[in-house]
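Engineer: A structural model of the following input is requested.
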Amino acid sequence: MPMPPCTVTACGYSIHTKPYSSRRLLPHYLLRFQAEGKSRIHLNGVAQEYAPGDLMVAAPGDSYMLETGLPDGQKAVRCADYYMSCTVDEPLDWLEGDFKRKLQLGQDEPFLNLFKNLVYEFRRLRDQDAETQDYLGRLLLLSVRRSLSPYSSHPIPRAAARMKSYMEAHSAQPMTLKQIASHGGLGISRASELFKEAYGCSVMDYAILMRLNHAREHILYDNVTLEEAAFACGFTSYTHFSRMFRKRYGISPSEYRQQNRHPL
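Structural biologist: Here you go, the predicted structure:
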């Protein structure tokens, strides 16, 4: 189903350097991403600890309480988060009832960039663009919906998701299995095992698949040579690229371009 229009009622980047608490019933949907430090959040009477990379998802009517720092206030703290409160034109049925309200996203760059761009747009005083805010808000909600879907029966381990996000953000750059495993905080052997369990393919097979998909777009839509398309997508050898392309799609890169490219 398409995401209905979204009206952002509040968003920002919040920093607490002293113990802080807030309690209220939520009138709107609320997303809160823990960026630094730790916090404790009570949603509908259930308390959970939040660390960097954790996202809270709450719906209208939820009982919400946020705590940062120690209760006695004797120790300085630093806690930072991105947040968005919004309304939508139609109720979101996937955010009703007993859905998972805490998601472990890690430092997912595309998701964080959406938050940063929305905060930037919301802070523009003279030329705020409600349409841009609407689309950015909807993209955030779509990202949450996609993150929620696998949790119902097949949870994706946080380390595997972090490795996948790292590869997607750096797909055109040279990367080794050791670098990818390190980004997930794992050794090479455990990283390989965990990634295959989560996504059904090896780490390097997924990296090659991403590069081939990007190369295919260059071949079809950009005025570049086949060699340039290969190198732009992280392949260091055209021979290797051509062999992998044929293995994946059954034809050579030049045949693919001839058969599928249309005049602009």
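Engineer: Show the contacting residues for residue 215.
Structural biologist: For residue 215, the contacting residues are 229, 230, 232, 233, 235, 241, 245, 253, by Cβ atoms under 8 Å, 6 or more residues apart in numbering. All C-beta spots, glycine's among them, are computed from the backbone N, C-alpha and C.
Engineer: if we go to 6 Å?
Structural biologist: Residue 215 is in contact with 229, 233, counting by Cβ atoms under 6 Å, 6 or more residues apart in numbering.
Engineer: do the same with the one 10 residues further on
Structural biologist: Residue 225 sits next to no residue when contact means Cβ under 6 Å, 6+ apart.
Engineer: Look up phi and psi at it.
Structural biologist: phi -70, psi 170 (degrees, to the nearest 10).
Engineer: what's the burial count for residue 159?
Structural biologist: Neighbour count for residue 159, taken as other Cβ atoms under 10 Å: 20.
Engineer: Quick one: low-confidence residue ranges for the stretch 51-200 of the chain.
Structural biologist: 70-76, 107-108, 125-126, 150-156 (pLDDT under 70).
Engineer: what about 80?
Structural biologist: 69-77, 105-110, 124-128, 148-158 (pLDDT under 80).
Engineer: all strands for the stretch 1-150 of the chain, in order.
Structural biologist: 6-16, 20-25, 29-36, 39-43, 46-50, 54-58, 63-68, 79-88, 102-104 (DSSP state E, counting those that start in this stretch).
Engineer: CA atoms only for the third one - export them in CSV, please.
Structural biologist: So that's strand 29-36. Output of strand 29-36 as CSV, limited to C-alpha atoms (Å, rounded to 0.1, in the frame of the first residue of the first chain):
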residue,chain,number,x,y,z
TYR,A,29,3.3,9.1,15.8
LEU,A,30,6.8,9.4,17.2
LEU,A,31,10.2,8.1,16.0
ARG,A,32,13.2,8.6,18.2
PHE,A,33,16.7,7.4,17.2
GLN,A,34,19.3,7.1,19.9
ALA,A,35,22.5,8.7,18.5
GLU,A,36,24.7,9.1,21.6
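Engineer: okay, the angle between that strand and strand 6-16?
Structural biologist: For strand 29-36 against strand 6-16, the angle by axes from the mean of the first three to the mean of the last three Cα atoms, to 10 degrees is 30 degrees.
Engineer: Now do the buried residues in strand 29-36.
Structural biologist: Neighbour-count burial for strand 29-36, counted by 16 or more other Cβ atoms under 10 Å, picks out 29, 30, 31, 32, 33, 34, 35.
Engineer: which of those residues lies closest to residue 95?
Structural biologist: residue 29 (6.6 Å; Cβ to Cβ).
Engineer: okay, the strands of the stretch 1-150 of the chain in CSV with distance to residue 195 next?
Structural biologist: As requested, these are exported to CSV (distance: least, Cβ to Cβ, whole Å):
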stretch, distance to residue 195
strand 6-16, 32
strand 20-25, 38
strand 29-36, 24
strand 39-43, 30
strand 46-50, 25
strand 54-58, 21
strand 63-68, 34
strand 79-88, 27
strand 102-104, 16
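Engineer: so which of those is the most packed in?
Structural biologist: strand 54-58 (a mean of 22; mean count of other Cβ atoms under 10 Å).
Engineer: what lines up beside that strand in the sheet?
Structural biologist: Using DSSP bridges, the strands paired with strand 54-58 in its sheet are strand 29-36 (antiparallel), strand 102-104 (antiparallel).
Engineer: before we move on, back to that, now for the strands of the stretch 1-150 of the chain, which one comes closest to residue 161?
Structural biologist: strand 102-104 (7.7 Å).
Engineer: neighbouring contacts of that closest one?
Structural biologist: Under Cβ under 6 Å, 6+ apart, the answer for strand 102-104 is 48, 54, 55, 147, 158.
Engineer: can you put the strands paired with strand 54-58 in CSV and add distance to residue 123?
Structural biologist: What follows is the strands paired with strand 54-58, written out as CSV (distance: least, Cβ to Cβ, whole Å):
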stretch, distance to residue 123
strand 29-36, 17
strand 102-104, 26
